[in-house]
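> I would like the atomic coordinates for the input below:
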Amino acid sequence: MKVLIIEDEAPAQRRMQKLINECDSSAEILGVVDSVADGLQWFSNNPAPDLIFSDIQLADDLSFKLFKALNISTPIIFTTAYDEYAINAFKFHSIDYLLKPINVDELRLSIEKYRNIHKLAKPTNFEELFKSMVEKKYRERFLVYSGDSLLPITANEIAYFESESGETMLITNNNKRFFIAESLDQLEEELNPDVFYRVNRQYILSINSIDKIFNFGQQKLKITINPATDKDIFVSKLKATTFKNWMNR
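Reported below is the predicted structural model:
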């Protein structure tokens, strides 16, 4: 069992390593990361572990932001001092939610739960297994205003979403533009991640809208889309690898 620990406090990092070794002496701890930025960097340079132990409140943001960006199917055991994030945690392939201070017996049961899931599916089929455990329905249509009338638009008619000055716009494949009430943060939760990807703070793109991808210095990417926009669309160095993995599925 290859393990990654995500924890921003050094004493908690050491304790978690000790507890994991107590519960399973054969566990291989691949690394310890302490922030979202550090996690993105780690995953861009390493294969996914078998299991992740993750705190939620990290030095620079919530670990949920990391898992959203990575879009991975690795099972996660959350270890946190706060119970308020429990519902959100199960959106990210969580198999358990342990409150600090972590009890060794509870941790042992969590690892056993992971092993039981592992017996039900090959590691390469974890994503299918989680999908069968949690059937999530993604947004399929939007009702938008067109003059004085309302117009239904299906998800497969959408090229991209753009946010500017606090306003969100839906752009269709035939370049029709409509203002909608939802923020990009909300849309990111509602849209199918196999089809839509949030490349930066301003854009969520449909995979079908992406025309070309260019290397653009400092390991960033530049994207052109169809229908074209007069604004440059960039993917940061930290998100470049996960974006390319998403495109290459």
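
> which helix is the longest one in the protein?
The residue-count maximum for a helix in the chain (DSSP state H) belongs to helix 104-120.

> got a list of what the residue most central in space within the chain touches?
Using Cα atoms, centre = their mean, the residue of the chain that lies closest to the mean C-alpha position is residue 68, 1.7 Å off. If you count contacts by Cβ atoms under 8 Å, 6 or more residues apart in numbering, residue 68 has them with 92, 188, 198. Placement of C-beta: from N, CA and C, glycine included.

> what's the answer for residue 52, then?
For residue 52, the residues meeting the contact criterion (Cβ under 8 Å, 6+ apart) are 3, 4, 5, 6, 74, 75, 76, 77.

> next one: the helix or strand hosting it to chain centre, how far?
Using DSSP states H and E, residue 52 sits within strand 51-54. From the chain centre to the centre of strand 51-54 is a distance of 14 Å (Cα atoms, centre = their mean, to the nearest Å).

> try stretch 228-243
Using Cα atoms, centre = their mean, the offset of stretch 228-243 from its chain centre is 16 Å.

> Point out where the protein drops to low pLDDT.
Counting by pLDDT under 70, the chain shows low-confidence ranges at 120-136.

> and with 80 instead?
Residues of the chain that meet the criterion pLDDT under 80 lie in 71-73, 83, 87, 90-91, 117-137, 218, 249.

> Out of all residues in it, which is the farthest from the middle?
Checked against the centre of the chain - Cα atoms, centre = their mean - the farthest residue is residue 148, lying 37.7 Å away.

> Starting from residue 172, give me the distance back to that one.
Using Cβ to Cβ, to the nearest Å, one gets 19 Å for the distance from residue 148 to residue 172.

> Same check on residue 214?
Separation of residue 214 from residue 172 (Cβ to Cβ): 25 Å.

> More neighbours: these two, which one.
Neighbours per residue, other Cβ atoms under 10 Å: of residue 214 and residue 172, the larger number sits with residue 172, 18 against 10.

> from memory the more buried one sits against residue 156, does it?
No. With contact defined as Cβ atoms under 8 Å, residue 172 does not reach residue 156; the gap is 10.2 Å.

> now residue 157, nearest residue through space, not along the chain?
Using Cβ to Cβ, 6 or more residues apart in numbering and skipping the chain neighbours, the partner closest in space to residue 157 is residue 172 (5.2 Å).

> Would you enumerate the residues in contact with that neighbour?
With contact set as Cβ under 8 Å, 6+ apart, residue 172 has these partners: 153, 157, 158, 159, 178.

> Now the buried members of the residues you listed.
153, 158, 159, 178 (16 or more other Cβ atoms under 10 Å).

> if we take those residues, which one ends up nearest to residue 139?
When these are compared for distance to residue 139 (Cβ to Cβ), residue 158 comes out closest, at 10.0 Å.

> can you pull out the helices in this protein?
Under the criterion DSSP H, the chain contains helices at 10-23, 36-45, 63-70, 86-89, 104-120, 126-133, 184-190, 237-247.

> Quick check: which of those helices is nearest to residue 54?
Taking the helices of the chain one by one with Cβ to Cβ, helix 63-70 is closest: 4.9 Å.

> how about the closest one as CSV, C-alpha atoms only?
Extracted C-alpha coordinates of helix 63-70, given in CSV (Å, rounded to 0.1, in the frame of the first residue of the first chain):
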residue,chain,number,x,y,z
SER,A,63,-7.4,20.4,0.4
PHE,A,64,-10.7,20.2,-1.6
LYS,A,65,-9.2,22.7,-4.0
LEU,A,66,-6.3,20.3,-4.7
PHE,A,67,-8.6,17.4,-5.4
LYS,A,68,-10.8,19.5,-7.7
ALA,A,69,-7.8,20.5,-9.7
LEU,A,70,-6.4,17.0,-9.9
